[in-house]
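Trainee: structure for the following, please:
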Amino acid sequence: MADQPRTKAVAATPLDPKQAKQQARLAKRAEKARRKASTDPADMGRLRQIRRAYELTHEYDKPLPWLLLAALLAPVVVAVVIGLLWDHLVYLVLMGLLLGVLLAMLMLVRRAKAATYQRYAGQAGSAEVALQMLPKQWVSTPVIAANRSRDVVHRTLGPGGLVLIGEGEPGRVRQLLAGEVRKHERVAYGVTVHTVVMGDKEGQVPLGRLADHIRKLPKTLQANQVTDVKARLRALDAVRPPVPVPKGPMPTSARQAKGARQAMRGR
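Mentor: The predicted structure is shown next:
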């Protein structure tokens, strides 16, 4: 029997310490450039996140700079007046400045939230924006059902129970919600299914109040019950046909809408 040719294992050539150090430096520089160009808040530092929030909010809230300046200076002015009357001026001014920064940040957060709602108001799928504002105890699933008219139903589950949110023409949405309620009641086993129609008409909940409306529902589920219902909902979603619309707020411009229609056909 002929001897089989033997293959020699080729050991990887170790990098020269200088080359390894240079590669690490280049990788670090590339990662820094990527994070600098990224628009993902997770890649931003705290100061850049604040600046980005300010820029986006200012697009829809023109008085924002003056309101922030007033929130910053008002405690300082009060501290100066009190300090001149009662002494301890420097200490009170520092306290006033810290309080002013805190008030300005709180105002920026509040105005940024309002600007976000204003930015997406009227777009199909905009309820997803409000669902992202809910606390972490709530588990939301956008666009679980839809029809050809782009009426959609979203779902969220949390301490207040199981909530289905409908967007679109009220008559069609209520029919869509009724069908989803029946499906969810089969797997929810006694858990009340709440329904909300989002809109600005009577009996509807506006986008800007949707998160607060859901958050204020009476607490009926414990954390272990939420986990149990969540597992059942996964089984329900597993047998659903694909929803024929992209998730997230739908674009309103003609060019963006054309792209969205192409994405819908691709599905």
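
Trainee: use CA for all of it now, contacts and neighbours both
Mentor: OK.

Trainee: which residues in the chain form helices?
Mentor: Applying DSSP state H to the chain gives helices spanning 17-37, 46-60, 64-86, 89-120, 127-131, 170-188, 207-215, 223-238, 254-266.

Trainee: report the distance from the third one to the chain centre.
Mentor: When you say that, I think you mean helix 64-86. Relative to its chain's centre, helix 64-86 lies at 33 Å (CA atoms, centre = their mean, to the nearest Å).

Trainee: so how far is the first residue of stretch 116-131 from its last?
Mentor: Distance between the two ends of stretch 116-131: 12 Å, counting by CA to CA, to the nearest Å.

Trainee: okay, and for this protein, where does confidence drop off?
Mentor: Within the chain, the set of residues satisfying pLDDT under 70 comprises 1-16, 19-20, 24, 27, 30-44, 243-267.

Trainee: what comes up buried for stretch 72-90?
Mentor: The neighbour-count check on stretch 72-90 (16 or more other CA atoms under 10 Å) flags 72-73, 75-76, 79-80, 83, 89 as buried.

Trainee: most tightly packed of the helices of the chain?
Mentor: helix 127-131 (a mean of 23; mean count of other CA atoms under 10 Å).

Trainee: and that helix, what does it pack onto?
Mentor: Where contact means 3 or more CA pairs under 8 Å, 6 or more residues apart in numbering; DSSP states H and E, helix 127-131 is packed against helix 89-120, strand 152-158, helix 207-215.

Trainee: which residues touch that helix?
Mentor: The contact list for helix 127-131 (CA atoms under 8 Å, 6 or more residues apart in numbering) reads 116-117, 120, 140, 142, 154, 156, 165, 167, 198, 207-208, 210-211, 248-249.

Trainee: same deal with stretch 172-188?
Mentor: 145-146, 151-153, 164-167, 191-193, 195, 197, 229, 232-233, 236.

Trainee: how about 7 Å then?
Mentor: Applying CA atoms under 7 Å, 6 or more residues apart in numbering, the contact partners of stretch 172-188 are 151, 153, 166-167, 193, 229, 232.

Trainee: how about the CA coordinates for that stretch, as PDB?
Mentor: C-alpha atoms of stretch 172-188 as PDB (Å, rounded to 0.1, in the frame of the first residue of the first chain):
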ATOM      1  CA  ARG A 172     -62.400  50.100   8.700                       C
ATOM      2  CA  VAL A 173     -60.200  50.200  11.700                       C
ATOM      3  CA  ARG A 174     -62.900  49.100  14.100                       C
ATOM      4  CA  GLN A 175     -63.600  46.100  11.900                       C
ATOM      5  CA  LEU A 176     -59.900  45.300  11.800                       C
ATOM      6  CA  LEU A 177     -59.700  45.700  15.600                       C
ATOM      7  CA  ALA A 178     -62.700  43.500  16.200                       C
ATOM      8  CA  GLY A 179     -61.100  40.600  14.200                       C
ATOM      9  CA  GLU A 180     -57.800  41.000  16.200                       C
ATOM     10  CA  VAL A 181     -59.700  41.100  19.500                       C
ATOM     11  CA  ARG A 182     -61.200  37.700  18.700                       C
ATOM     12  CA  LYS A 183     -57.900  36.200  17.800                       C
ATOM     13  CA  HIS A 184     -56.200  37.600  20.900                       C
ATOM     14  CA  GLU A 185     -58.900  36.500  23.300                       C
ATOM     15  CA  ARG A 186     -58.400  32.900  22.200                       C
ATOM     16  CA  VAL A 187     -54.900  32.900  23.500                       C
ATOM     17  CA  ALA A 188     -55.100  35.600  26.300                       C
END
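
Trainee: OK, contacts around the spatially most central residue of the chain?
Mentor: Nearest to the mean C-alpha position of the chain, counting by CA atoms, centre = their mean, stands Q132 at 3.6 Å. Q132 makes contact with no residue, according to CA under 7 Å, 6+ apart.
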